[in-house]
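Student: Test case, fold it:
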Amino acid sequence: MELGEGIDTQRIAMVIEFDGRTFHGWQRQDNALTVQGVLEAALSEIEGCRRVTVASGRTDTGVHAEAMLVHADISKLRWQRSARAYTQGLNRLLPEGVVVVGVCAVEGDFHARFSCLERRYRYQIWNRSTHSVLAARRHWWMPRALDIKAMQQAAEYIIGKHDFGVFQASRCQAHSAVREVRYIAVRQQGWEISIDIHADGFLYHMVRNVVGNLVQVGTGKWDADYIAELMQKRDRAIGAATAPAQGLYFSDALYPSFSARELIGKETN
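Tutor: Numbering: from 1, shown residues only. Okay, here's the model as predicted:
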């Protein structure tokens, strides 16, 4: 049975948080546990029919999310009874490692992917000579000291609208490598280095490849302006290795009237 056959529907936007260690990425797969798979299973159990979700972005195995926005169409009557009860019921059905942290009603033409104006990621590095048992699966451990100033200088070359083919994984299916990076910042607090990057969209493994190349600058292997040279050559083969997945977080998604993070803690009809 498909929802919508004689039933009034309501499109909702959900903000989800998940631990990437638990799942084989976002996108549903027949033989693997994924975030989309468990979320659709929970929605379908509540609705009594198959439910499909659409996300603002996709994440690979091991990548985390603090505020990924997802839309779905559900029973309007059930939703209007209580948004809070609907959210609580959904979370009770979800497995450990994923939770809906905010939800609101949206217009029927709202689309989590196509209405999204900007996506934001953060990458975390543990920069200490010894590893951390607490941060090990949520950071990339880098025992060599990193020059934050040089990394930020190199990052400036990435800002703007460019062909980012040098940071594109070989399995990327995008028709064009042109994207607009609007913001990138490298900061350090204690042993933790965070790299925030905002763009209109990202290529497959783009953030992890950016980080891998910036770390080469941070260790002193490359000068900061070598990043500009890499981007001009557009040759992935001469770039650095891809940074590991466990340090990457989908941190926010921006829309014309709200952001995913702004919905955290809200349950509104």
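Student: what's Gly165 in contact with, if anything?
Tutor: For Gly165, the contact set (C-beta atoms under 8 Å, 6 or more residues apart in numbering) comprises Ala177, Arg234, Arg236. From N, CA and C alone the C-beta is placed, and that goes for glycine too.
Student: Okay, buried residues for stretch 100-110 please.
Tutor: Judged by neighbour count using 16 or more other C-beta atoms under 10 Å, the buried positions of stretch 100-110 are Val100, Val101, Gly102, Val103, Cys104, Ala105, Val106, Phe110.
Student: Show the residue spans covered by the strands in this structure.
Tutor: Assigned by DSSP state E, the strands in the chain fall at 9-18, 53-55, 64-75, 98-105, 118-126, 140-141, 160-163, 178-189, 192-199, 248-254, 267-268.
Student: Rebuild the ones you listed as JSON lines, extending it with distance to Leu33 and mean pLDDT.
Tutor: Compiled in JSON lines, those are given as follows (distance: least, C-beta to C-beta, whole Å; pLDDT from 0 to 100):
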{"stretch": "strand 9-18", "distance to Leu33": "11", "mean pLDDT": "97"}
{"stretch": "strand 53-55", "distance to Leu33": "15", "mean pLDDT": "97"}
{"stretch": "strand 64-75", "distance to Leu33": "15", "mean pLDDT": "97"}
{"stretch": "strand 98-105", "distance to Leu33": "10", "mean pLDDT": "97"}
{"stretch": "strand 118-126", "distance to Leu33": "23", "mean pLDDT": "98"}
{"stretch": "strand 140-141", "distance to Leu33": "24", "mean pLDDT": "97"}
{"stretch": "strand 160-163", "distance to Leu33": "36", "mean pLDDT": "94"}
{"stretch": "strand 178-189", "distance to Leu33": "30", "mean pLDDT": "97"}
{"stretch": "strand 192-199", "distance to Leu33": "28", "mean pLDDT": "98"}
{"stretch": "strand 248-254", "distance to Leu33": "18", "mean pLDDT": "98"}
{"stretch": "strand 267-268", "distance to Leu33": "26", "mean pLDDT": "84"}
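Student: one step back: would you point out the most distant pair within the buried residues of stretch 100-110?
Tutor: Pairwise distances among these were taken by C-beta to C-beta; the largest, 18.6 Å, belongs to Val101 and Phe110.
Student: burial count for the nearest residue to Asp147 once chain neighbours are set aside?
Tutor: In this structure, Asp147 finds its nearest non-sequential neighbour in Gly218, 5.2 Å apart by C-beta to C-beta, 6 or more residues apart in numbering. Using other C-beta atoms under 10 Å, Gly218 is surrounded by 26 other residues.
Student: and if you look at Ile158?
Tutor: By the criterion of other C-beta under 10 Å, Ile158 has 20 neighbours.
Student: Point out where the chain drops to low pLDDT.
Tutor: 1-6, 170-174 (pLDDT under 70).
Student: let's see 80
Tutor: 1-7, 169-175, 234-237 (pLDDT under 80).
Student: Surely Ala32 and Thr22 touch.
Tutor: No: Ala32 lies out of contact with Thr22 (C-beta atoms under 8 Å); the separation is 11.4 Å.
Student: More neighbours: those two, which one.
Tutor: Per other C-beta under 10 Å, whichever of Ala32 and Thr22 has more neighbours is Thr22, with 17 against 12.
Student: Quick check: the more buried one vs Gln10, distance?
Tutor: 29 Å (C-beta to C-beta, to the nearest Å).
Student: for Ala55, same thing?
Tutor: 18 Å.
Student: show me where the chain has helices.
Tutor: Applying DSSP state H to the chain gives helices spanning 35-47, 76-81, 83-93, 148-155, 206-218, 226-233.
Student: for Arg28, what are its contacts?
Tutor: Thr34, Gln36, Gly37, Glu40.
Student: could those be laid out in JSON lines, adding neighbour count?
Tutor: Formatted as JSON lines, those follow (neighbours: other C-beta atoms under 10 Å):
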{"residue": "Thr34", "neighbour count": "20"}
{"residue": "Gln36", "neighbour count": "20"}
{"residue": "Gly37", "neighbour count": "19"}
{"residue": "Glu40", "neighbour count": "18"}
